[in-house]
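Peer 1: Take a look and give me a structure for this.
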Amino acid sequence: MPIERNPNKDGRAEALIAGTGIEVWLIIDLLQHADYDRSRVPEDYDLTAGQFAAAVAYYLDPANKPYVDARILLHYDQTQNIEWDS
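Peer 2: Prediction:
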């Protein structure tokens with residue numbers, strides 16, 4: 001199977017590209033920030049065409065897309081240095 005459950009994290013948003021340890025959400029995030037340049041992301045992460053296609057297909061599945069999108073947003077929320085008013 002090209003996409004597998006993450007043994008360390010639960011949920012569709014944490015799925016891995018089989019045999020790589022790379023989370024699907026990370027590839028989709030990079031793809032979005034590379035202006036959807038489909039040649040750049042697989043090259044940078046040593047993914048085969050099949051692995052890359054599987055990650056994109058997983059993301060585009062309506063059962064998974066909202067979870068992956070939410071995971072990407074969570075990542076950016078966690079990396080922001082926000083100062084809260086006391």
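Peer 1: Just to check, residue 47 is in contact with residue 17?
Peer 2: Yes - counting by CB atoms under 8 Å, residue 47 does reach residue 17; the two are 6.8 Å apart. Backbone N, C-alpha and C define where each C-beta goes, glycine included.
Peer 1: Find the residues that touch each one of those two.
Peer 2: Shared contacts of residue 47 and residue 17, defined by CB atoms under 8 Å, 6 or more residues apart in numbering, comprise 27, 55.
Peer 1: For the chain, which helix or strand comes out least confident on mean pLDDT?
Peer 2: Counting by mean pLDDT, DSSP states H and E, the chain has its least confident helix or strand at helix 40-44, which shows a mean of 85.
Peer 1: Any buried residues in the longest helix seen in the chain, and which?
Peer 2: Scanning the chain for the longest helix, with DSSP state H as the assignment, gives helix 65-79. For helix 65-79, a neighbour-count test (16 or more other CB atoms under 10 Å) marks 67-69, 71-72 as buried.
Peer 1: Helix or strand next in line after the least confident helix or strand of the chain, which one?
Peer 2: helix 49-60 (DSSP states H and E).
Peer 1: list the helices and strands that next one packs on?
Peer 2: Judged by 3 or more CB pairs under 8 Å, 6 or more residues apart in numbering; DSSP states H and E, helix 49-60 is in contact with strand 3-4, strand 16-17, helix 24-33, helix 40-44, helix 65-79.
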